[in-house]
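*Asks:* Requesting a structural model of the entry that follows:
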Amino acid sequence: MSQFTYPAKFTTGNDGRVLVAFIDLPRVATDGKDKREAMEEAMDALGSDLSIRLSRREEIPTPSAPKRGQRLVPVPLWLAPKLALYLAMRDQRVSNSELARRLGLHERVIRRMLDPEHATRPEKIQGALAILGKQMTLEVRDAA
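*Replies:* Presented below is the predicted three-dimensional model:
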């Protein structure tokens with residue numbers, strides 16, 4: 001099972017702004033005027049970094065377990081299914097062409113599914129994940 005949340009340290013600066021630093025993504029940091037805004041900015045920064053990694057076909061760091069004082073920041077909903085598909089394909093060493101063949105689609109459809117800029121219907125990604133033996137679920141839980 002893959003979790004699409006990353007631990008981050010939220011600290012309040014001398015000016016009252018909330019600073020956010022990601023544990024597993026050292027080049028990603030942001031801030032906000034309060035905790036709510038800092039979380040929104042953190043989700044945006046996380047989504048930006050991971051979408052760049054995805055479009056460049058780079059390694060996607062595995063989130064570490066959160067430690068005391070850290071908060072989990074969810075990957076934006078528009079990006080998480082694409083990351084799940086990318087990671088499943090990488091783990092199973094399935095190319096775009098091979099997945100397209102299994103789904104009876106053209107390879108460009110798979111490229112679009114993996115393109116962070118392309119709005120792909122979730123049902124298409126669910127179907128592709130199912131072919132790879134994966135099931136996408138959504139979990140809603142109380143905020144911390």
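
*Asks:* burial count for residue 55?
*Replies:* 13 (other Cβ atoms under 10 Å). The C-beta positions use only the backbone N, C-alpha and C, and glycine is treated the same way.

*Asks:* Find the residue ranges of this structure scoring beneath the pLDDT cut-off.
*Replies:* 1-2, 144 (pLDDT under 70).

*Asks:* Please enumerate the helices of it.
*Replies:* 35-55, 80-92, 96-103, 107-114, 122-131 (DSSP state H).

*Asks:* Not counting its neighbours along the chain, what's nearest residue 129?
*Replies:* Sequence neighbours aside, residue 136 is the residue nearest to residue 129 in space, at 5.4 Å (criterion: Cβ to Cβ, 6 or more residues apart in numbering).

*Asks:* actually residue 70, sorry about that
*Replies:* residue 7 (4.3 Å).

*Asks:* Would you agree the one you found is in contact with residue 72?
*Replies:* Yes. Applying Cβ atoms under 8 Å, one finds residue 7 in contact with residue 72, separated by 5.9 Å.
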